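K.L.:
I need the structure of the sequence given here:
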Amino acid sequence: MDWQELNTQLDREFACEHAQRTLRVQICSNGTKQWKWQCDQCGQGSQAVSKSTLSAEQMAAASPVDEGLTEAWYARRRARQEELTQAARAQMQTDYAAYLQTPWWGERSSARLELDGYECQAQFPGCARRASQVHHRSYQEAPPYREPLFALVSVCRNCHEWIHGLRGGDS
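P.N.:
Numbers count the residues shown, from 1 in each chain. A predicted model of the protein is given here:
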C-alpha cells in the first residue's frame, strides 16, 4: 500500500455522514451565544443556527459544544493512521527482503561491486576497505526494484552499518 492509498483508506474509514446531530450552544469570546448542530460521531459543528428557527425550549435544552467529540474522533483517526502506516512499513520491509533474494538484485549488486573494483566507496572510520555489500543511494531513481547502477554504491559492512546509523553515523 502506498501513502496515497493509505490516506484514501483513512478517508473512506473516517467518512462521516453527520447523520446524528445534537443542538449545542457555544459561548463566543464576546459573551454571546451561538447554537450549532454538532455531529454526535465526529464532533463537526454546523454554521451558527438562526435563533428564529429554534424554539425557546430547544435553546434552553441545548448542552455546551462538546470539544471532546472532535478530539476523540481525530485521536481515533491518528491511531488508525499509525496502525496502517506500521502495517505498510512492515509490508515494504518484507517485500524489500524478498527483492534482495531475486536474480535481478544479485545481478545488479554484482555489477556494482565489479564496477567499483570491490573497493568501499564510503571510507568511514573503521572502514574495511573491501566492499562486500551494495547500498542504495536513493530509492527515487526508477520504478521500485528496477534501479540503475548509478543509484547503487559498493560499501563494506562496517560503512553500510555506519550509513544506516548503526555505528553512530547519521541515518
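
K.L.:
Next, count neighbours for Ala56.
P.N.:
By other Cβ atoms under 10 Å, 8 other residues sit near Ala56. In this view, the C-beta of every residue, glycine as well, is placed from N, C-alpha and C.

K.L.:
Ignore what I typed, I meant Tyr118.
P.N.:
Counted with other Cβ under 10 Å, residues neighbouring Tyr118 total 13.

K.L.:
swap in His160?
P.N.:
So His160, with other Cβ under 10 Å, has 21 neighbours.

K.L.:
Would you agree it is in contact with Ala128?
P.N.:
No - at 10.1 Å, His160 does not count as touching Ala128 under the criterion of Cβ atoms under 8 Å.

K.L.:
Give me the domain ranges for the protein.
P.N.:
The chain resolves into domains spanning 3-98, 103-163 when parsed by automatic domain parsing.

K.L.:
now these as TSV including mean pLDDT?
P.N.:
Converted to TSV, the domains of the chain look like this (pLDDT from 0 to 100):
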stretch	mean pLDDT
domain 3-98	93
domain 103-163	92
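
K.L.:
deepest of those, which one?
P.N.:
domain 103-163 (a mean of 15; mean count of other Cβ atoms under 10 Å).

K.L.:
Tell me where the chain has strands.
P.N.:
Using DSSP state E, the strands of the chain run over residues 21-27, 33-39, 63-64, 133-136, 152-155.

K.L.:
So the residue nearest to Gly126 when sequence neighbours are not counted versus Phe124, what's the distance?
P.N.:
Excluding its sequence neighbours, the residue lying closest to Gly126 (Cβ to Cβ, 6 or more residues apart in numbering) is Asn158, at 4.8 Å. From Asn158 over to Phe124 the distance is 7 Å, taken as Cβ to Cβ, to the nearest Å.

K.L.:
just Trp3 next, same as before
P.N.:
For Trp3, the distance to Phe124 - Cβ to Cβ - is 31 Å.

K.L.:
same deal with Ala19?
P.N.:
For Ala19, the distance to Phe124 - Cβ to Cβ - is 59 Å.

K.L.:
Likewise for Glu107?
P.N.:
When distance is defined by Cβ to Cβ, Glu107 is 27 Å away from Phe124.
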